[in-house]
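Chemist: Sequence first, predicted coordinates after that:
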Amino acid sequence: MGHLPDPEPPVRPSIPLTALALILSSQVHAQPQATAPTSRPEQLVDALNGVFGKHAARAVHAKGIVLEGSFTPSPEAAGISKAPHFLAKVPVTVRFSDFAGIPTIPDNDTMANPRGLAIKFHLPNGSASDIVAHSFNGFPSPTADDFRQLLIAIGTSGPGTAKPTPLDTYLAGHPAAKTFLTAPKPTPISFGTLPYYGVNTFKYTNASGGITYGRYQFLPLAGEHYVADAKVAGLAPNFLADEIRQRVAKGPVKFKLMLQVAAPGDKLDDPSITWPKQRRLVELGTISVEKTVADNDAAQKALLFLPNALPDGIAPADPMIDARSAAYPVSFGRRQ
Ligand code: HEM
């Protein structure tokens, strides 16, 4: 499928280069590697480790909080897919996270953006289906291989690197990556007050064989609320986990799960191209986040979310989904 004639720029914040420079000054750096036609999962995780260093935690989105709740499908959901969670209410496990692969990252650090939202739908047959999304409507790279090249460029462009650095060279040829890295990045007042985006495209099949291509969006029922820039520096390092604990104690934190439906000509296999806002949005249901877990460290260690953990009725429409799902277990193995 062709590129959109007039793609809108991504609307959510991300990592300023100054923050990258700061983080790179104190981290292990990857060595330059030859371009491979297909990155192995281990190489993708190595590249993440090259940016953030090695920790006994997720290679990226290392700091998080696990909660539990439920998903109630909308009446329209069955028209999109025959997947069991689009037909009846199911329990869910949710993990909110900060971006960096650094488990101690302060929540008000610029490298904590974008935030992550991972959801595990517990299906009636005992299996699970996952969505792994973040708070930026876009991605820096069109493919997994390209993402690895970006990570290697970041990991080899620390302070003192001769100009132009590998990152300068990469960004000169990748405007989407530059947008991702330099877009404004307000800090949310809560994990429950910002939207999250699935970014990769899936193919949905309903009980009649009808097919829809789309991308997930999670819209907070509480609305979007951000901290004023002047107040960000004064925030406590773990304010987001503290805030969400207090918020769910008062009542459920809810998101509408929407599907942004592809129009003819939209590129399905390039998450660096954001689809226009005018695309049809179908409401798939409501996620209700209701309580924290007793032992957060044990819960997040045991959890593995896989973007291609999918029941009949949902399938990947972008090769990055399988590439991600091969890399996540490598990180899981390394953090055990
Ligand atoms: C080729 C592209 C990508 C690679 C190689 C990659 C790699 C990884 C790895 C290795 C982990 C740690 C998994 C674990 O230890 O359990 C991870 C976690 C995560 N990634 Fe990705 N990722 C990619 C694309 C994306 C995209 C497009 C998004 C957002 C739409 C995303 C959002 C997340 C989130 C939110 C987590 C934390 C999941 C959790 O809470 O367990 N990633 N990623």
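Modeler: Ah, there it is. Numbers count the residues shown, from 1 in each chain.

Chemist: so the residue of the stretch 201-336 of the chain found nearest the ligand, which of the three states?
Modeler: Nearest residue of the stretch 201-336 of the chain to the ligand: residue 331, at 3.2 Å (CB to the nearest ligand atom). For the C-beta atoms, the positions are set from N, CA and C on the backbone; glycine is no exception. What DSSP: H, G, I helix; E, B strand; the rest coil gives for residue 331 is helix.

Chemist: Please, which helix or strand holds the closest residue to it other than its chain neighbours?
Modeler: In this structure, residue 331 finds its nearest non-sequential neighbour in residue 59, 4.2 Å apart by CB to CB, 6 or more residues apart in numbering. Using DSSP states H and E, residue 59 maps to neither a helix nor a strand.

Chemist: Can you give me the buried ones in stretch 209-216?
Modeler: Buried residues in stretch 209-216, defined by neighbour count with 16 or more other CB atoms under 10 Å: 212, 213, 214, 215, 216.

Chemist: Quick check: beta-bridge partners of the second one?
Modeler: According to DSSP bridges, the residues that bridge with residue 213 are residue 203.

Chemist: And the pLDDT for it?
Modeler: The model reports residue 213 with a pLDDT of 98.

Chemist: what sits against it?
Modeler: Listed by CB atoms under 8 Å, 6 or more residues apart in numbering, the contact set of residue 213 reads 201, 202, 203, 204, 261, 262, 266, 268, 317.

Chemist: repeat that with 6 Å
Modeler: With contacts defined as CB atoms under 6 Å, 6 or more residues apart in numbering, the neighbours of residue 213 are 201, 203, 262, 268, 317.

Chemist: May I ask which of those has the most neighbours?
Modeler: Using other CB atoms under 10 Å as the neighbour criterion, residue 201 leads the contacts of residue 213 with 24 neighbours.

Chemist: Next one: the one residue in the stretch 101-250 of the chain that gets nearest to the ligand, what pLDDT does it get?
Modeler: Nearest residue of the stretch 101-250 of the chain to the ligand (CB to the nearest ligand atom) works out as residue 116 at 2.6 Å. Per-residue confidence (pLDDT) for residue 116: 98.

Chemist: which non-adjacent residue is nearest it?
Modeler: Nearest to residue 116 is residue 97, by CB to CB, 6+ apart, at 3.8 Å.

Chemist: Going along the chain, name the strands of the stretch 1-150 of the chain.
Modeler: 64-73, 90-97, 116-122, 128-134 (DSSP state E, counting those that start in this stretch).

Chemist: could these be laid out in TSV, adding distance to residue 107?
Modeler: Below are the strands of the stretch 1-150 of the chain laid out as TSV (distance: least, CB to CB, whole Å):
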stretch	distance to residue 107
strand 64-73	10
strand 90-97	11
strand 116-122	13
strand 128-134	15
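
Chemist: about what we covered before: tell me if I'm right that the residue nearest to residue 116 and residue 66 touch.
Modeler: No - using CB atoms under 6 Å, residue 97 is not in contact with residue 66, being 9.7 Å away.

Chemist: ok so, going back, mind checking how far the residue nearest to residue 331 is from the ligand?
Modeler: Remark: distance between residue 59 and the ligand (CB to the nearest ligand atom, to the nearest Å) = 4 Å.

Chemist: Run a quick neighbour tally on that residue.
Modeler: 26.

Chemist: do the same with residue 124
Modeler: Residue 124 has 10 neighbours, counted by other CB under 10 Å.

Chemist: With the one 5 residues further on instead?
Modeler: Using other CB under 10 Å as the criterion, residue 129 is surrounded by 22 other residues.

Chemist: sorry, back to before: show me the contacts for the residue of the stretch 101-250 of the chain closest to the ligand.
Modeler: Neighbour list for residue 116: 61, 97, 134 [criterion: CB under 6 Å, 6+ apart].

Chemist: Verify the stated contact: residue 118 with residue 95.
Modeler: Yes - between residue 118 and residue 95 there is a contact under CB under 6 Å: 4.6 Å.

Chemist: Do you have the helices of the stretch 1-150 of the chain handy? List them.
Modeler: 17-24, 41-52, 77-80, 144-155 (DSSP state H, counting those that start in this stretch).

Chemist: same check, this time on the stretch 201-336 of the chain
Modeler: Applying DSSP H, counting those that start in this stretch to the stretch 201-336 of the chain gives helices spanning 229-232, 239-250, 296-302, 319-334.

Chemist: most tightly surrounded among the ones you listed?
Modeler: Of all these, helix 319-334 has the most neighbours on average by mean count of other CB atoms under 10 Å, namely a mean of 19.

Chemist: could you say what helices and strands that one packs with?
Modeler: helix 41-52 (3 or more CB pairs under 6 Å, 6 or more residues apart in numbering; DSSP states H and E).

Chemist: what sits up against the helix it packs on?
Modeler: Helix 41-52 is touched from outside by 30, 59-60, 100-102, 148, 151-152, 154-155, 326-327, 330-331, with contacts defined as CB under 6 Å, 6+ apart.

Chemist: Of all pairs in those residues, which one spans the longest distance?
Modeler: Within the contacts of helix 41-52, 102 and 326 form the most distant pair, 23.2 Å apart (CB to CB).

Chemist: At the contact with the ligand, which residues of this structure appear?
Modeler: Residues of the chain lying near the ligand by CB under 6 Å from any ligand atom: 44-45, 48, 58-61, 64, 95, 97, 116, 118, 132-134, 139, 144, 147, 198-200, 271, 303-305, 320, 323-324, 327-328, 331-332, 335.
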